[in-house]
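Enquirer: how would this look folded up:
(chains A and B)
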Amino acid sequence: DGGITQSPKYLFRKEGQNVTLSCEQNLNHDAMYWYRQDPGQGLRLIYYSQIVNDFQKGDIAEGYSVSREKKESFPLTVTSAQKNPTAFYLCASSIQGSYNEQFFGPGTRLTVL
Amino acid sequence: QQQVKQSPQSLIVQKGGISIINCAYENTAFDYFPWYQQFPGKGPALLIAIRPDVSEKKEGRFTISFNKSAKQFSLHIMDSQPGDSATYFCAAPNTGGFKTIFGAGTRLFVKA
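Expert: Numbering: from 1, shown residues only, chains lettered A, B, ... in the order given. Predicted coordinates:
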């Protein structure tokens, strides 16, 4: 079955630690995205990548970093510079040229202890 | 920054009733308007979408109505069921077309 997987489902982090969230897709999509979801605020774009080895900052990139070394993978690192990282993180992908039809993963809930 | 303004923030509907969620956008260059459905603890999933060359699109109990002159589009859920209880997001592309702008979401609760 084609789809997007995110791991882990739940992640706990101590203050000052960096953590990396995994996102893998086997849909053969060129574009991938990371969103942050907080209650009542909808989806906010962190980073996006249209092709391998290229990515752009979204609206709230501060304190986050990404890489796109493979088409299938788009990991997100939440660094210690992110002041309020507790949130639900969603990864998505789409066919290049069809950016509105995004397919989402199940999400990772990050909690800072 | 371009916005997509969604209302209401939350909605309670009796089983069998009609749920209506509205979105307003700013950029007339937008050419694709999807609605996403998200259940608690899950990622959103594309529910239905419309292009501005038509005024209405229906898929089962779900209908999108599009008003180009008012720059608004709405989701109507007919015969609402408890299983429809979820958060619904409208969306539109930004001017560059590489990103999607999402509305803030509407939490729908259908009472049995």
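Enquirer: contacting residues around the residue lying closest to B:Ala49 once chain neighbours are set aside?
Expert: Among residues not flanking B:Ala49 along the chain, B:Pro34 sits closest, at 3.8 Å (Cβ to Cβ, 6 or more residues apart in numbering or on different chains). C-beta here means a position set from N, CA and C on the backbone, and glycine is covered the same way. Going by Cβ atoms under 8 Å, 6 or more residues apart in numbering or on different chains, B:Pro34 touches A:Asn100, A:Glu101, B:Leu46, B:Leu47, B:Ile48, B:Ala49, B:Cys90, B:Ala91.
Enquirer: drop anything exposed from the residues you listed.
Expert: The neighbour-count test (16 or more other Cβ atoms under 10 Å in any protein chain shown) marks A:Asn100, B:Leu47, B:Ile48, B:Ala49, B:Cys90, B:Ala91 as buried among the contacts of B:Pro34.
Enquirer: my read is that the last one contacts B:Gly105, right?
Expert: No. At 10.5 Å, B:Ala91 does not count as touching B:Gly105 under the criterion of Cβ atoms under 8 Å.
Enquirer: ok, the residue in chain A that chain B sits nearest to - how many residues close by?
Expert: Closest approach between chain A and chain B, counting by Cβ to the nearest Cβ: A:Phe104, at 3.3 Å. As a burial measure, A:Phe104 scores 22 neighbours (other Cβ atoms under 10 Å in any protein chain shown).
Enquirer: how about the residues of chain B by chain A?
Expert: Selection of chain B residues close to chain A by Cβ under 8 Å from any Cβ of the partner chain yields B:1, B:6, B:9, B:32, B:34, B:36, B:41-46, B:49, B:89, B:91-93, B:97-100, B:102-105.
Enquirer: so what's B:Ile64 bridging to?
Expert: Beta-bridge partners recorded for B:Ile64 (DSSP bridges): B:Lys57, B:Leu75.
Enquirer: residues making contact with stretch B:42-58?
Expert: Contacts with stretch B:42-58, where a contact means Cβ under 8 Å, 6+ apart, come from A:4, A:43, A:90, A:92, A:100-107, B:30-38, B:59, B:62-68, B:73, B:75, B:88-89.
Enquirer: now the strands for chain B?
Expert: Along chain B, the segments classed as strands by DSSP state E run B:4-7, B:10-14, B:19-25, B:33-38, B:45-50, B:56-59, B:62-67, B:72-77, B:86-93, B:100-102, B:106-111.
Enquirer: let me see the ranges of the strands in chain A.
Expert: Using DSSP E, strands in chain A cover A:4-7, A:10-13, A:19-25, A:31-37, A:43-51, A:54-57, A:64-66, A:76-78, A:87-94, A:103-104, A:108-112.
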